[in-house]
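Sequence and predicted structure are below.
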Amino acid sequence: MSLSLSLLFFIKKSKVNSLGKTSIFLRITLDGRRCEFSVHRKVHPNYWNSKTQLVLGNSAEAQEINRHLSVMKNKVYSIQQNFERENSSYSAFDIRDVLIGKDKTQKKLLEIFQEHNDKVESLIGKDFAAGTAERYRTCKKHVEAYIKQKYQRNDIPVQDVDHKFITGLEYYLKTTRKCAHNSAIKYITNFKKIIRIAHANDWIDKDPFLHWKAKLKIVEREFLTEEEIQKIINLDLKMERLDQVRDIFIFCCFTGLAYADVKKLNRGDISIGVDGEEWIKTKRSKTDTRSNIPILPIAKTIIEKYKENELLKDRNLVLPVLSNQKMNAYIKEIATLAGIPKNLTFHLARHTFATTVTLSNGVPIESVSKMLGHTNLKTTQHYAKILDMKVSRDMSVLKDKFKSKV
């Protein structure tokens, strides 16, 4: 079925040249979306009939302009028929491009997305982390599924992406895909990069993200208290797999290392710092920023425990880290055994380091940020907002100070 098409020739009376003439424009509207452009003909406003959309009079100039407008109108309908005959997806801009000879091969959205993802894949370990490549792959799958659901097509021209498409994709992620708000926004932000590439290459005329703003909800990060950490440490674990996972989890509670960083931690990452003590000096997998972390006694004890492990020696690794899936499954098992009702994940160890181990004990937020390898202090400040216990202790000291003066 043909898309609804309407044409309008018009002038802008406020824009006349030194001869008192103004340009004639053609507006093409296709299913509510429109584009307009000059037809490269000028007319005096007094000789333009807005009802007939023609030039008044029988002068040679008037006849030439009216013929030109008639030919353009016929061409537009012919171009639409060609698109329909070829069963191609098209827009008002596509009709315009064919009409004015600017016709170029339409770039497809998922085609551009795949080209981008291929480049990211080839640069893993150089400019991108493996996790980043995985997020873009997942994002493309979501966009692909959304296109199939909304358009019943395998792909669409990138020019068809507008603000409505973006808000529709966000709604699809939150409803059909059951993504949490922040997850949906992060996928849209990934998708935004693809559209920016299209805009930079002139494959689209304007950026549809111009009026879209990312609004992430502040999420309170869970962490373990000192008492809960001690409960896990005191557990008498008979199974080796649980004992190892407990060691690595506690190690991360006292170093702040994320899963990807502790998994790749090798013996060369441990060196003597300016204070003559051992430090972990490594680059974060996620951001490629450096983390310099003094090794606390409990973390040092765990390193020593696995120092003679032959398998680790051969691979030059520090700790026997399992897959992320297994680590998360086993740490939940450990939480149950310790009687901790919180939803423990391996990443919660990093939150615990930021809050209970460092900030709660008076370590300046700038130092914590550097150890965590954050590129922005605002990221670290998310942890500082939830330290009510520290605020309470600080105020207790102040209360005692004033009591002594009463």
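Here it is on my side, so go on. Predicted model, so just to flag it, every value in this text is computed and none were measured. Numbering: from 1, shown residues only.

what about the closest residue to Gly339 other than its chain neighbours, helix or strand, and which?
Of all residues not flanking Gly339 in the chain, Lys231 sits nearest, at 6.8 Å (C-beta to C-beta, 6 or more residues apart in numbering). Quick note: C-beta positions are derived from backbone N, CA and C, even for glycine. If you go by DSSP states H and E, Lys231 is part of helix 226-234.

which element follows that helix toward the C-terminus?
helix 240-253.

could you give the angle of that next one to helix 226-234?
Between helix 240-253 and helix 226-234, the angle comes out at 140 degrees (axes from the mean of the first three to the mean of the last three C-alpha atoms, to 10 degrees).

name the helices or strands packed onto the helix holding Lys231?
helix 240-253, helix 324-338 (3 or more C-beta pairs under 8 Å, 6 or more residues apart in numbering; DSSP states H and E).

residue boundaries of the helices in the stretch 101-250 of the chain?
Using DSSP state H, counting those that start in this stretch, the helices of the stretch 101-250 of the chain run over 109-122, 130-151, 163-175, 181-200, 226-234, 240-253.

Can you list the buried residues in the fifth one?
Judged by neighbour count (16 or more other C-beta atoms under 10 Å), helix 226-234 contains these buried residues: Glu228, Ile229, Lys231, Ile232.

Same check on the first one?
Buried residues in helix 109-122, defined by neighbour count with 16+ other C-beta under 10 Å: Leu109, Leu110, Ile112, Phe113, Gln114, His116, Asn117, Val120.

thinking the fourth one is in contact with His142, fair?
No - at 10.7 Å, Phe113 and His142 do not qualify as touching, with contact defined as C-beta atoms under 8 Å.

Share the number of residues neighbouring Gln63, please.
If you count neighbours by other C-beta atoms under 10 Å, Gln63 ends up with 12.

doesn't it fall inside a strand?
No - assigned with DSSP: H, G, I helix; E, B strand; the rest coil, Gln63 falls outside any strand and is helix.

Need the nearest residue in space to Ile295, chain neighbours excluded.
With C-beta to C-beta, 6+ apart, the residue lying closest to Ile295 is Glu278, at 4.7 Å.

ugh, typo on my part, it should be Asp247
Ile302 (5.0 Å).

now what about the helix or strand hosting the one you found, what contacts it?
Here Ile302, judged by DSSP H and E, is contained in helix 297-305. The contact list for helix 297-305 (C-beta atoms under 8 Å, 6 or more residues apart in numbering) reads Ile233, Asp247, Ile248, Ile250, Phe251, Phe254, Thr255, Ile270, Glu278, Ile295, Val318, Leu319.

Over to stretch 366-373?
By C-beta under 8 Å, 6+ apart, stretch 366-373 touches 256, 283-284, 287, 289-293, 350, 353-354, 358-359, 377, 379-380, 383.

circling back: neighbours around the residue nearest to Asp247, how many?
21.

and if you look at Ile365?
16.

For it, give its distance to Leu377.
7 Å (C-beta to C-beta, to the nearest Å).

Likewise for Ser50?
59 Å.

Dump stretch 38-58 to PDB, keeping only the CA atoms.
Listed next in PDB are the C-alpha coordinates belonging to stretch 38-58 (Å, rounded to 0.1, in the frame of the first residue of the first chain):
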ATOM      1  CA  SER A  38      14.100  25.400  -3.100                       C
ATOM      2  CA  VAL A  39      13.100  24.600  -6.700                       C
ATOM      3  CA  HIS A  40      15.600  27.200  -8.000                       C
ATOM      4  CA  ARG A  41      12.900  29.500  -9.400                       C
ATOM      5  CA  LYS A  42      12.100  33.000  -8.100                       C
ATOM      6  CA  VAL A  43       8.900  35.100  -8.400                       C
ATOM      7  CA  HIS A  44       7.600  38.400  -7.200                       C
ATOM      8  CA  PRO A  45       5.300  37.800  -4.200                       C
ATOM      9  CA  ASN A  46       2.500  39.700  -5.900                       C
ATOM     10  CA  TYR A  47       2.400  37.300  -8.800                       C
ATOM     11  CA  TRP A  48       2.200  34.100  -6.700                       C
ATOM     12  CA  ASN A  49      -1.100  32.400  -6.300                       C
ATOM     13  CA  SER A  50      -0.900  30.300  -3.100                       C
ATOM     14  CA  LYS A  51      -4.300  28.500  -3.900                       C
ATOM     15  CA  THR A  52      -3.200  27.200  -7.300                       C
ATOM     16  CA  GLN A  53       0.400  27.100  -6.300                       C
ATOM     17  CA  LEU A  54       1.300  28.700  -9.700                       C
ATOM     18  CA  VAL A  55       2.600  32.000 -11.000                       C
ATOM     19  CA  LEU A  56       0.000  34.400 -12.300                       C
ATOM     20  CA  GLY A  57       0.000  35.800 -15.800                       C
ATOM     21  CA  ASN A  58       0.900  34.600 -19.300                       C
END
